[in-house]
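Colleague: compute the structure for the input listed below.
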Amino acid sequence: MTIMPIVVTGATGQLGRLTVEALLRRGIPAADIIATGRDIARIKDLADRGITVRRADFADADSLAEAFAGADRLLLISASVPVGERVANHRRVIDAAVSAGVSLVVYTSTTHADTAGTVIGATHGETEKYLRDRGIPGVVLRNGWYLENYTGQLPQILQNGAVVGAAGEGRISAASRADYAEAAAVVLTTEGHAGAVYELGGDESFTLTELAAAISAAAGKQVAYADLPVTDFAQVLAAAGLPAELAEVLADADRGMNRGEMYTDSGDLRRLIGRPPMTLAEALAVALHQ
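Modeller: Okay, the predicted model is just below:
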């Protein structure tokens with residue numbers, strides 16, 4: 001197949017940058033990749049490597065029209081917070097893609113977005129519906145939780161001897177950002193995905209109790225899981241320095257985990273990337289030896 005320019009939104013973020021790298025590994029010429037973000041100074045190094053860099057602000061329709069000009073395929077990496085603006089921002093991106101003549105929009109959603117009861121899940125579900133209603137060929141990548149959401153907390157977890165959350169014994173099918181990025185690159189560069197909805201997650205799920213046990217085994221230090229009410233967990237996150245809205249969103253995500261909304265046994269991620277995704281044990285080993 002002939003690949004025309006591919007737009008990666010959110011290339012200033014970790015998932016976006018990893019997707020750009022995955023596209024390059026798959027043989028897409030740098031000149032056929034358009035990396036976008038609000039602050040293009042943060043991706044100047046990509047421009048230095050021959051990648052087209054353009055400013056794209058989800059709240060600015062004119063910037064989106066300019067950023068998507070000439071593109072064939074587009075990866076819409078979902079915005080984070082403020083939550084109240086997410087759906088409107090995503091709609092602007094989809095509208096701009098339609099106007100630009102983009103042939104395929106790939107959207108990063110969340111597991112079970114069509115039935116999820118979380119605030120974030122609801123915004124993803126609305127975006128998925130809008131993508132369908134606009135009639136443009138689309139692919140939905142329902143990305144599960146990131147392993148890095150936990151490995152990034154290892155210093156604090158080990159210092160406190162506790163994993164703190166509100167997920168009860170809900171199972172979590174987490175995977176690495178790099179594996180989700182590779183799946184996105186596969187979908188962007190191969191045929192036969194239009195209309196698909198992929199439930200993506202690791203092959204080996206775990207509870208937060210099991211996460212604490214895995215950290216104990218890997219680090220050689222006893223770690224327990226402290227399960228809190230959702231409101232208390234939000235307060236803990238805010239006290240740790242997170243913005244109040246983000247703290248509430250993350251605590252609400254744990255509520256969803258408790259209901260099984262971050263669990264999938266679809267195997268879609270493994271099939272897309274052609275190998276088993278990184279496991280929790282592997283992620284902990286990498287993080288502990290960095």
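Colleague: low-confidence ranges, the stretch 51-200 of the chain, go.
Modeller: 81 (pLDDT under 70).
Colleague: so what secondary structure elements neighbour the longest helix along the chain?
Modeller: Using DSSP state H, we find that the single longest helix of the chain is helix 83-100. Under the contact definition 3 or more CB pairs under 8 Å, 6 or more residues apart in numbering; DSSP states H and E, helix 83-100 sits against helix 61-68, strand 73-77, strand 104-110, helix 119-134. Placement of C-beta: from N, CA and C, glycine included.
Colleague: which residue ranges of the stretch 151-290 of the chain form strands?
Modeller: Along the stretch 151-290 of the chain, the segments classed as strands by DSSP state E, counting those that start in this stretch run 162-165, 197-200, 224-227.
Colleague: in the last one, what's buried?
Modeller: Using 16 or more other CB atoms under 10 Å as the burial criterion, the residues of strand 224-227 that qualify are Tyr225, Ala226, Asp227.
Colleague: ok, Leu104 touching Ala71?
Modeller: No: if you go by CB atoms under 8 Å, Leu104 and Ala71 don't touch, sitting 9.9 Å apart.
Colleague: which residues touch the longest helix of the chain?
Modeller: 9, 58-59, 61, 64-65, 67-71, 74, 76, 78-79, 105, 107, 119-120, 123, 126-127, 130-131, 134, 136, 245, 249 (CB atoms under 8 Å, 6 or more residues apart in numbering).
Colleague: check stretch 224-243 too.
Modeller: 81, 156, 161-168, 207-209, 211-212, 244, 246-248, 250-252, 254-255.
Colleague: would you map the helices across the stretch 151-290 of the chain?
Modeller: 154-160, 177-189, 208-219, 230-239, 244-258, 268-273, 280-288 (DSSP state H, counting those that start in this stretch).
Colleague: and of the ones you listed, who's closest to Ile43?
Modeller: helix 177-189 (15.0 Å; CB to CB).
Colleague: ok so, going back, so Leu104 and Ala71 - more neighbours on which side?
Modeller: Ala71 (23 against 20; other CB atoms under 10 Å).
Colleague: host element of the more buried one?
Modeller: Take DSSP states H and E as the rule and Ala71 turns out to sit in neither a helix nor a strand.
Colleague: residues touching it, list them.
Modeller: Here Ala71 is in contact with Met4, Pro5, Ile6, Val7, Ile34, Ala97, Ala100, Val102 (criterion: CB under 8 Å, 6+ apart).
Colleague: ok, the third one - contacts?
Modeller: For Ile6, the residues meeting the contact criterion (CB under 8 Å, 6+ apart) are Leu23, Ile28, Asp32, Ile33, Ile34, Ala71, Asp72, Arg73, Leu74, Leu75, Leu188, Thr189.
Colleague: likewise the last one?
Modeller: Val102 makes contact with Val7, Phe68, Ala71, Asp72, Arg73, Leu74, Ile136, according to CB under 8 Å, 6+ apart.
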